[in-house]
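[1] This is a predicted model, with the sequence first.
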Protein chains: 2
Amino acid sequence: MAIGELFKALSDDNRRKILDLLKDGDLTSGEIANHFNMSKPGISQHLNILKNSELVFSHKKGQYVYYSLNTSVVQDIMKWAIQFKKDKGEE
Amino acid sequence: MAIGELFKALSDDNRRKILDLLKDGDLTSGEIANHFNMSKPGISQHLNILKNSELVFSHKKGQYVYYSLNTSVVQDIMKWAIQFKKDKGEE
DNA sequence: AATGTAATTAAGTATTTACTTAATTATTTA
DNA sequence: TAAATAATTAAGTAAATACTTAATTACATT
């Protein structure tokens, strides 16, 4: 997974809000859209970016598509951040 | 500090490379530029974005401007990431 | 099968981003 | 004080981004 893509996905306020919503449990595309003052296609596009960066999973159930958080990818960010606290080289 | 700005600053490959270089110690604007196949003004602009997001500090010494890493801001990212591992609400 | 609902894809657009070269500012040194 | 060096600011541009509305696809219901 490209850390750059991950940061890019996380740089958008609306996408981070989507992730926050999903912390409380899975939601359908439409339920997510209801929390925003934005068109449904707009939300779909954000969801696609989150899916591509593996920050969320999706599974279809009937005509609905449920989205869920993938917390394991958040670990990658942690790993990236941690190197700045550790790797002080040979001082 | 706006976490969105922070992620935006980190979403660029060249900016992350600058931070990696600074892990080994402070560098001048010109020394940083030497590691890139990019114009000096281009690097200056990246440094300005990193400074605005407080990921780096700068101090002038004579005609040189030294840049240094601000690891404390990386903490903010950790804090953001951690909530996804903890806050599982009332399950 | 026809109609309605959920979601996405397609196409177009205004804004933002990451560069470039040219010009300017600040500092050192001959 | 004039010339050289370090760095930034200014101005312009191609590409990327975040939206929009219209069209399409998939499934459910009558």
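    Everything's here; your move.

[2] alpha carbons only for contacts and neighbour counts from here, please
    Will do.

[3] touching chain B at all, stretch A:77-84?
    Yes: Stretch A:77-84 lies within reach of chain B by Cα under 8 Å from any Cα of the partner chain, at A:77-78, A:81, A:84.

[4] Just send those residues back as TSV, with neighbour count and secondary structure too.
    Below are the residues of stretch A:77-84 next to chain B laid out as TSV (neighbours: other Cα atoms under 10 Å in any protein chain shown; DSSP: H, G, I helix; E, B strand; the rest coil):
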residue	neighbour count	secondary structure
A:77	18	helix
A:78	18	helix
A:81	19	helix
A:84	19	coil
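
[5] Looking at the residues you listed, which two lie furthest apart in space?
    Farthest apart among these by Cα to Cα are A:77 and A:84. That separation is 11.8 Å.

[6] Run through the residues of chain A sitting next to chain B.
    Counting by Cα under 8 Å from any Cα, the residues of chain A near chain B are A:3-8, A:10-13, A:23-24, A:71, A:74-75, A:77-78, A:81, A:84-85, A:87-89.

[7] mind running it again at 7 Å?
    Applying Cα under 7 Å from any Cα of the partner chain, we find that chain A lies next to chain B at A:4-5, A:7-8, A:10-13, A:23-24, A:71, A:74, A:78, A:81, A:84-85, A:88-89.

[8] Would you show me how to pick out the buried ones of these in ChimeraX?
    The buried residues among the residues of chain A next to chain B can be selected in ChimeraX (16 or more other Cα atoms under 10 Å in any protein chain shown) with this line:
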select /A:4,5,7,8,10,11,12,23,71,74,78,81,84
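
[9] Give me the angle between the helix or strand encompassing residue A:72 and helix B:71-82.
    Assigned by DSSP states H and E, residue A:72 belongs to helix A:71-82. Going by axes from the mean of the first three to the mean of the last three Cα atoms, to 10 degrees, helix A:71-82 is angled at 170 degrees with respect to helix B:71-82.

[10] Low-confidence stretches in chain A?
    Applying pLDDT under 70 to chain A flags residues A:1, A:86-91.

[11] dump the residue contacts of the closest residue to residue A:25 other than its chain neighbours.
    Distance criterion Cα to Cα, 6 or more residues apart in numbering or on different chains; nearest residue to residue A:25, sequence neighbours excluded, is residue A:68 at 7.0 Å. By Cα atoms under 7 Å, 6 or more residues apart in numbering or on different chains, the contact list for residue A:68 reads A:22, A:25-27, A:56-58.
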